[in-house]
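Student: missing the sequence, but the structure's below:
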Ligand SMILES: Nc1ncnc2c1ncn2[C@@H]1O[C@H](COP(=O)(O)OP(=O)(O)OP(=O)(O)O)[C@@H](O)[C@H]1O
């Protein structure tokens, strides 16, 4: 019987299936290769990450602190955690204030010592770091009872949170004590004079007793700290500079002087004739007026009664590019001097031209100031305390009829400034409505007064000497400058990048003034900065002298340099402290500037201080006194100062001092209008 054999398995099956041993060997090999590749990739990846992190850390480490911090071995380095504990983790309750660098906290060290910690707000900010290192390296060289002591510094492990440790000044800054809290201790004249003197001594130390000299670069009330006894010390050297030989050479050549020195086409410095500079300077100002509008009126009477200005200034959003006072501006100033007259610019305008190429007539600063005034006006409108209801005032007999009438006028004016109404009616931009309204108001008032203002005793600008009268005639009919320009005069500065200022202009509900502070090119603070420096010039001691002048005016008047207060337009002239002081000088009424709350006023000393301030505020840096001279004047050692020509009242009335030459500080005669005319012989 034939038997059937099972069909043979397919040949392919034999070929595909390897013997068990060979199969597993290949399989493992394959897996091992894949695993090897994977782990190698992983290791490379880890390595790359590690290297990247290392390089990054190394870079930021070098850029920020440790390397540099080792250079600050003169200062004690505090542990970050110690300071954090000492300040209760930088709690709000320990916060003393806030500035451009960051917040300042009070802390108590384990030893029981109370200190102030300045903690950088903006970790990684190059600007902050620059100021931090600047402060550390400069402070180590300073040793004076009038300079705030820097006790040390700290940084966290990453080196990005930077802290400066200072001696604690229980009464905080002069800004806080004088302008915000209005401390009673500062209502005594003696104390104010002492503070003025101490600040002068502090700056004198920096300029004349440090080698090389130190230029502070940001002298202002918030940088003057008061100890428990209200004695003043100068702090904040974040913007300070050492006066290098290079700087010295430039200055010797007049580099800091915007007016007496100019560069010729080859770039060489040409020195103007200083002897003639008084006249030249006047000429420049006059020429400015010649170019100016017929409606420029610096007389107080030109101000509408109703304009109001408000308290504390806040500028929290300035963002003007660095160097916004361009070369053109400075050159304008120089040309004014060298040519005698300058086409298309005024002696005042060059302070203001800030856009490159002088494209913007008024400049951003002016716009900014105007905008701010607008916001203040809006804030202060109706139901402010000062606008009492006229009817109620009349009804209860608390205000005389005249006052009630004035108040009614104010209300009417405010009423007319109804933003919504105006916007609807005139389709104006919300931020611009007030500006037009304000300028209209000024123009109306000017027209209404007509030539009355020319004859009034207050029209100081009309009373200048014959030369001015001549110039004035030419002024008529020319146009272009806004009525606000005279008022804005004296506000110089540049909006800073990056760093915000604290309360130079501000307080109250607008927390920080703005953007005016340090830039890589180190600018000062608006209102306090010298015009030539704001204009892009060289930082020199005379810039500090100018700032000191502003500070003294603030100290004596108890007002901010730009203070728009709740008051009628008659107050507006006072809002710009510098132009007001100049105006009072012309009127021979300097004592009007003195804070009415001051007790036991020594009028002679007050006059001396204001006069010194005006000397410091001269436009030409070379004419400003040195800090040594200022200390001499304030201490009565040096001859009492003469008012500079640009501030002098018109002859034959309104002279300040009886005899400037023979008598010393103590012998100053109170400046009264129509008093004797001594002290100005030098300009006769
Ligand atoms: N050593 C100190 N002791 C007590 N309070 C201080 C001290 N230093 C600063 N303060 C307070 O902290 C505030 C802020 O100071 P900071 O120097 O940071 O800024 P500023 O000077 O006000 O402004 P900016 O930084 O724009 O110059 C001061 O106004 C002051 O009230």
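Tutor: Yep, that arrived. Computed from a predicted structure; not experimentally measured.
Student: so which residue of the protein comes closest to the ligand?
Tutor: Using C-beta to the nearest ligand atom, residue 99 is the residue of the chain that sits closest to the ligand, at 1.8 Å. From N, CA and C alone the C-beta is placed, and that goes for glycine too.
Student: wait, what's in contact with residue 549?
Tutor: With contact set as C-beta atoms under 8 Å, 6 or more residues apart in numbering, residue 549 has these partners: 612-617, 624.
Student: mind doing that once more with 7 Å?
Tutor: 613, 616-617 (C-beta atoms under 7 Å, 6 or more residues apart in numbering).
Student: what strand or helix carries it?
Tutor: Under the criterion of DSSP states H and E, residue 549 resides in helix 541-557.
Student: over to residue 104?
Tutor: Going by DSSP H and E, residue 104 is in strand 102-108.
Student: which SSE is immediately downstream of that strand?
Tutor: Past strand 102-108, the next helix or strand by DSSP H and E is strand 114-120.
Student: does the ligand sit close to that next one?
Tutor: Yes: interface with the ligand: strand 114-120 contributes 116, 118 (C-beta under 6 Å from any ligand atom).
Student: residues of the helix or strand that that strand is followed by that come out buried?
Tutor: Proceeding N to C from strand 114-120, the next assigned helix or strand is helix 126-139, under DSSP H and E. The neighbour-count check on helix 126-139 (16 or more other C-beta atoms under 10 Å) flags 127-139 as buried.
Student: list the contacts for residue 165?
Tutor: Counted by C-beta under 7 Å, 6+ apart, residue 165 has contacts 78, 115, 117, 151-154.
Student: highest neighbour count among those residues?
Tutor: Ranked by the number of neighbours (other C-beta atoms under 10 Å), those place residue 117 first, at 27 neighbours.
Student: pretty sure it contacts residue 107?
Tutor: Yes: applying C-beta atoms under 7 Å as the test, residue 117 and residue 107 come out as touching, 5.2 Å apart.
Student: report the contact partners of residue 151.
Tutor: 76, 115, 165-167.
Student: next, format those as TSV and append pLDDT.
Tutor: Conversion of the contacts of residue 151 to TSV gives the following (pLDDT from 0 to 100):
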residue	pLDDT
76	84
115	96
165	95
166	95
167	95
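Student: please name the nearest non-neighbouring residue to residue 173.
Tutor: Nearest in space to residue 173, with sequence neighbours left out and distances taken as C-beta to C-beta, 6 or more residues apart in numbering, is residue 222 at 4.7 Å.
Student: pLDDT at the one you found, what is it?
Tutor: Residue 222 is assigned a pLDDT of 93 by the prediction.
Student: what's the answer for residue 242, then?
Tutor: 91.
Student: same question, residue 583
Tutor: 86.
Student: what does the one 3 residues further on give?
Tutor: As summarised for this prediction, residue 586 has a pLDDT of 85.
Student: contact residues of the stretch 201-350 of the chain facing the ligand?
Tutor: Checking the stretch 201-350 of the chain against the ligand by C-beta under 6 Å from any ligand atom, the hits are 218, 222-223, 225, 235-236.
Student: sketch out the low-pLDDT regions of the stretch 401-550 of the chain for me.
Tutor: Applying pLDDT under 70 to the stretch 401-550 of the chain flags residues 401-524, 534-536.
Student: can you do 50?
Tutor: 411, 413-419, 422, 428-434, 451-472, 474-483, 492-522 (pLDDT under 50).
Student: dump the buried residues of helix 126-139 into TSV; add pLDDT and distance to residue 184 as well.
Tutor: Compiled in TSV, the buried residues of helix 126-139 are given as follows (pLDDT from 0 to 100; distance: C-beta to C-beta, whole Å):
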residue	pLDDT	distance to residue 184
127	75	38
128	80	36
129	83	40
130	83	39
131	85	34
132	87	36
133	87	39
134	87	36
135	88	32
136	88	36
137	87	39
138	88	35
139	85	32
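Student: what about the ligand: which of these touch it?
Tutor: Of the buried residues of helix 126-139, not one also sits near the ligand (C-beta under 6 Å from any ligand atom).
Student: quick check: mean pLDDT of the helix or strand hosting residue 97?
Tutor: With secondary structure defined by DSSP H and E, residue 97 is part of strand 95-98. Here strand 95-98 scores 91 as its mean pLDDT.
Student: quickly run through the sheet partners of that strand, with directions.
Tutor: strand 102-108 (antiparallel) (DSSP bridges).
Student: what's the angle from the strand it pairs with to strand 114-120?
Tutor: Note on geometry: by axes from the mean of the first three to the mean of the last three C-alpha atoms, to 10 degrees, strand 102-108 and strand 114-120 are set 150 degrees apart in direction.
Student: residues in contact with strand 102-108?
Tutor: Residues contacting strand 102-108 (C-beta under 7 Å, 6+ apart): 83, 86-87, 90, 94-98, 114-121, 168.
Student: which residues of the stretch 1-150 of the chain score low on pLDDT?
Tutor: 1, 64-67.
Student: mind doing that once more with 80?
Tutor: Residues of the stretch 1-150 of the chain meeting the criterion pLDDT under 80: 1-26, 56-75, 121-127.
Student: can you get me the start-to-end distance on stretch 216-229?
Tutor: One end of stretch 216-229 sits 24 Å from the other (C-alpha to C-alpha, to the nearest Å).
Student: residue numbering should commence at 4 henceforth.
Tutor: Yes, from this point I'll number from 4; that puts the last item at stretch 219-232.
Student: any buried residues in that stretch, and which?
Tutor: 219-229.
Student: which two of those residues have the greatest separation?
Tutor: Across these, no pair lies farther apart than 220 and 229, at 21.1 Å, counting by C-beta to C-beta.
Student: dump the contacts of residue 552 into JSON lines; add neighbour count, pLDDT and distance to residue 596 as well.
Tutor: Below are the contacts of residue 552 laid out as JSON lines (neighbours: other C-beta atoms under 10 Å; pLDDT from 0 to 100; distance: C-beta to C-beta, whole Å):
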{"residue": "616", "neighbour count": "27", "pLDDT": "94", "distance to residue 596": "9"}
{"residue": "619", "neighbour count": "26", "pLDDT": "93", "distance to residue 596": "14"}
{"residue": "620", "neighbour count": "26", "pLDDT": "91", "distance to residue 596": "13"}
